[in-house]
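# coordinates only, no sequence provided:
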């Protein structure tokens, strides 16, 4: 069975629906993956994720390597068993967190040297170690270690960094022992179209299972994000699932799908939930605002999530202001449901070949906010 | 229908089983009530409470009065609808929190003057207001405003304070408008057996629906706690449910039931859960301890709670050390299940007239810890 089963393409955009088959089952694309950084999607349980419609979740290699450690998780039967999630799991490579979280970092040919953000201890993450960690975790989709490029960056830096990412991808491929776990490389190239295109082509030739686009949503203008996606997607083999890392807003997901992206992850629904920002069919609301103090309506009257079926805006505001633990959980359930339900609607629209209309209506409704 | 339906008494202790009928349905006694201070049992949802076997929960008048306010909750349809719990709710009177939490307090004949622990605002809680707040909340079992007595206290202070509690109880009875909501007075009397007995008799004569024993578990030795219970229980009308407030450990519940207590509440299972202390059939464990780092067993192999069915000690330790929100929730589910399951076992033992044996085995197993 091929890894990516193509089902249908949109007639007037690059959107497509399909299924990705992994060691822990199948998920439908386009897919959104809730982020479970430290072996938990913050505040919610695996059964709730399933009920919300999550079919695949993401774990963070950097965090799990540092705490509780990949060897411990392996000893406990792997990440699936450890966190009691038996569906597919994708793990990132740790490269982005070394770049964004570590107290100190130095990139060498051999790997990334960094100090832990938890205790300051010194570590060296090599491409081989990144694969070893992910194989210990038992990740269904592993990522090659990459170097991240700040935005803006000078051309020489982008060129060298991207070339190193290619050499590291080759070493990851060689280091892989568990062939049943899929391995994706990460396209870099900064915001340079030529470099992005060349890097995509280089990586497409090397025998991976899919491809990720990295180094995006790092502060660049939206148009640039979509340009970079547009440069890469046509150069990626059609039987590869295409994954844009760390993107994005609901609008970004719709725009990404239209450009041929199959997989997304982002902390936005979960992190914003904990900050009291909730997504609705008519725009975003900030639940702590005084106007919700005595509002008996659910967050979104059109939403059928657990939170909206049971609780009012007034109650959610009370919980948020009182800093109650239940606040973070109910908000997270609502926001993740919003994202996962959006992906369902997108897939249905592609199946019915009405995606372009869906996209127009969705984006214009939200521009009027 | 009487409020308290007596089902069976133990042949060799004062333990009894029964049912209490309220405006929002019936609960079985002896009962443990999880504490939902701010319109939520911290970190868990109403459906989880039901699944764990909770039949009645407790809300705090002091907290709900200050935030979000009883008028707002009334406007939202009452506390049951606000927090989406449709079973019985008991609320305390606020007296204990004024005593333990408020920044400043002064007890007058009229009521308790205090400053909010949230914003320092000045308030006067009278017996009439305590009833009004609880009627706005729609509490199924309301408590009369009482004065709390520190331990130790001088005799004169105890005498005066207890007499004031009686006068306030009379005013509460008079202030009550919603007859369908039950009203219990609170026995005080410090640690003076004669005063406790006299106060119990005074309150038993006034036409309430049940009786609470207050001012206990305030630092006194365990023997004294049980002596105070033993003094009061025989003087309480047999058709009154007997409620000991704020007690206690699992051992306290068993010992209380043996002395004729029908209802308990305590923050211990929920608060300890958030501090990583878990109850098991063989004693307490502190989940952050290093010995659990790679322990694949559930918290309690004999427990069938959601947490124990799905997660290992190693995972719970990881969540606790990483300060993950899910830690507090999974620990809370386990500890509340332990308490509620203990009450089920107690009721079954009384029904089978084997409670005395159950008690001996339970207490001796835990003394060996």
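Ah, there it is. It should be emphasised that the depicted structure is a prediction, and the values quoted were computed from it without experimental measurement.
# residues near residue A:219, how many?
Counted with other C-beta atoms under 10 Å in any protein chain shown, the neighbours of residue A:219 add up to 8. Every residue, glycine included, has its C-beta placed from N, CA and C.
# what sits against residue A:165?
Listed by C-beta atoms under 8 Å, 6 or more residues apart in numbering or on different chains, the contact set of residue A:165 reads A:144, A:146, A:147, A:185, A:186, A:188, A:199.
# so which of these wins on neighbours?
That'd be residue A:146 among the contacts of residue A:165, by other C-beta under 10 Å, with 32 neighbours.
# helix/strand/coil for that residue?
Of the three states, residue A:146 takes coil under DSSP: H, G, I helix; E, B strand; the rest coil.
# might you report the residue contacts of it?
By C-beta under 8 Å, 6+ apart, the neighbours of residue A:146 are A:93, A:95, A:96, A:165, A:168, A:169, A:185, A:186, A:188, A:214, A:215.
# which of the residues you listed sits closest to residue B:14?
Among the contacts of residue A:146, residue A:96 lies closest to residue B:14 (C-beta to C-beta), at 64.5 Å.
# how about the helices in the stretch 51-200 of chain A?
For the stretch 51-200 of chain A, applying DSSP state H, counting those that start in this stretch gives helices covering A:61-66, A:70-75, A:79-83, A:95-100, A:127-137, A:155-175, A:193-204.
# one more: the stretch 251-369 of chain A?
All helices of the stretch 251-369 of chain A, identified by DSSP H, counting those that start in this stretch, fall at A:268-274, A:306-310, A:313-321, A:325-351, A:355-367.
# what's the local residue count around the closest residue to residue A:222 other than its chain neighbours?
Nearest residue to residue A:222, sequence neighbours excluded (C-beta to C-beta, 6 or more residues apart in numbering or on different chains): residue A:252, at 7.7 Å. Counted with other C-beta under 10 Å, the neighbours of residue A:252 add up to 21.
# is it correct that residue A:252 is in contact with residue A:229?
No. Assessed by C-beta atoms under 8 Å, residue A:252 is found out of contact with residue A:229, at 9.8 Å.
# Serialize the contacts of residue A:146 to a markdown table and add fields for distance to residue B:9.
Formatted as a markdown table, those follow (distance: C-beta to C-beta, whole Å):
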| residue | distance to residue B:9 |
| --- | --- |
| A:93 | 67 |
| A:95 | 69 |
| A:96 | 66 |
| A:165 | 76 |
| A:168 | 75 |
| A:169 | 75 |
| A:185 | 74 |
| A:186 | 71 |
| A:188 | 76 |
| A:214 | 71 |
| A:215 | 74 |
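# quick check on residue A:35: phi, psi?
phi -90, psi 120 (degrees, to the nearest 10).
# so what's the nearest residue to residue A:134 once chain neighbours are set aside bridging to?
Using C-beta to C-beta, 6+ apart and skipping residues adjacent in sequence, the residue nearest residue A:134 is residue A:142, 4.0 Å away. Using DSSP bridges, the bridge partners assigned to residue A:142 are residue A:183.
# for residue A:142, what are its contacts?
Residue A:142 makes contact with A:90, A:91, A:93, A:131, A:134, A:135, A:172, A:176, A:181, A:182, A:183, A:184, according to C-beta under 8 Å, 6+ apart.
# next one: it from residue B:342, what distance?
46 Å (C-beta to C-beta, to the nearest Å).
# whatever residue of the stretch 1-150 of chain A ends up closest to chain B - how many residues pack around it?
Proximity to chain B, evaluated over the stretch 1-150 of chain A using C-beta to the nearest C-beta, is greatest for residue A:43 at 4.0 Å. By the measure other C-beta under 10 Å, the count of residues near residue A:43 is 24.
# contacting residues around stretch A:151-158?
Identification of contacts with stretch A:151-158 by C-beta under 8 Å, 6+ apart yields A:149, A:161, A:188, A:189, A:190, A:191, A:192, A:195, A:215, A:218, A:219, A:220.
# among those, name the buried ones.
Taking 16 or more other C-beta atoms under 10 Å in any protein chain shown as the criterion, what is buried in the contacts of stretch A:151-158 is A:149, A:161, A:188, A:189, A:190, A:191, A:192, A:195, A:215, A:218, A:220.
# with pLDDT and distance to residue B:241 added, can I get those residues in JSON lines?
JSON lines is the format used below for these (pLDDT from 0 to 100; distance: C-beta to C-beta, whole Å):
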{"residue": "A:149", "pLDDT": "88", "distance to residue B:241": "69"}
{"residue": "A:161", "pLDDT": "96", "distance to residue B:241": "72"}
{"residue": "A:188", "pLDDT": "97", "distance to residue B:241": "69"}
{"residue": "A:189", "pLDDT": "97", "distance to residue B:241": "72"}
{"residue": "A:190", "pLDDT": "96", "distance to residue B:241": "72"}
{"residue": "A:191", "pLDDT": "96", "distance to residue B:241": "71"}
{"residue": "A:192", "pLDDT": "96", "distance to residue B:241": "76"}
{"residue": "A:195", "pLDDT": "97", "distance to residue B:241": "76"}
{"residue": "A:215", "pLDDT": "94", "distance to residue B:241": "66"}
{"residue": "A:218", "pLDDT": "91", "distance to residue B:241": "63"}
{"residue": "A:220", "pLDDT": "95", "distance to residue B:241": "66"}
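# quick check, nearest of those to chain B?
When the buried ones among the contacts of stretch A:151-158 are compared against chain B (criterion: C-beta to the nearest C-beta), the nearest one is residue A:218, at 26.0 Å.
# what parts of chain A come near chain B?
Residues of chain A that fall close to chain B, judged by C-beta under 8 Å from any C-beta of the partner chain: A:38-40, A:42-46, A:67-68, A:72, A:75-77, A:82-84, A:293-294, A:296, A:310-312, A:314-315, A:317-319, A:321-322, A:324-326, A:328-329.
# give me the buried entries from these.
Taking 16+ other C-beta under 10 Å as the criterion, what is buried in these is A:38-40, A:42-46, A:67-68, A:72, A:75-76, A:82-84, A:293-294, A:311-312, A:314-315, A:317-319, A:321-322, A:324-326, A:328-329.
# looking at the contacts of stretch A:151-158, which is nearest residue B:273?
Distance to residue B:273 across those (C-beta to C-beta) is lowest for residue A:218, with 39.8 Å.
# quick one on the thing from earlier: farthest pair within the contacts of stretch A:151-158?
Using C-beta to C-beta, these reach their maximum pairwise distance at A:195 and A:219, which is 17.9 Å.
# so residue A:200 versus residue B:270, what's the distance?
Residue A:200 is 53 Å from residue B:270, by C-beta to C-beta.
# same question for residue A:345.
39 Å.
# what does residue A:358 give?
Residue A:358 sits 45 Å away from residue B:270, going by C-beta to C-beta.
# how about low-confidence regions in the stretch 1-150 of chain A?
Filtered on pLDDT under 70, the stretch 1-150 of chain A yields the residue ranges A:1.
# can you give me the strands for it?
For the stretch 1-150 of chain A, the strands defined by DSSP state E, counting those that start in this stretch cover A:4-9, A:16-22, A:25-29, A:31-33, A:35-36, A:57-59, A:89-91, A:104-107, A:112-115, A:122-125, A:141-143.
# kindly report the same for the stretch 151-300 of chain A.
Shown for the stretch 151-300 of chain A, the strands assigned by DSSP E, counting those that start in this stretch span residues A:182-184, A:186-187, A:211-213, A:242-244, A:263-265, A:277-280, A:283-286.
# ok, and which of the ones you listed has the densest surroundings?
For the strands of the stretch 151-300 of chain A, the largest average neighbour count (mean count of other C-beta atoms under 10 Å in any protein chain shown) is found in strand A:186-187, namely a mean of 31.
# no further queries at this time; thank you.
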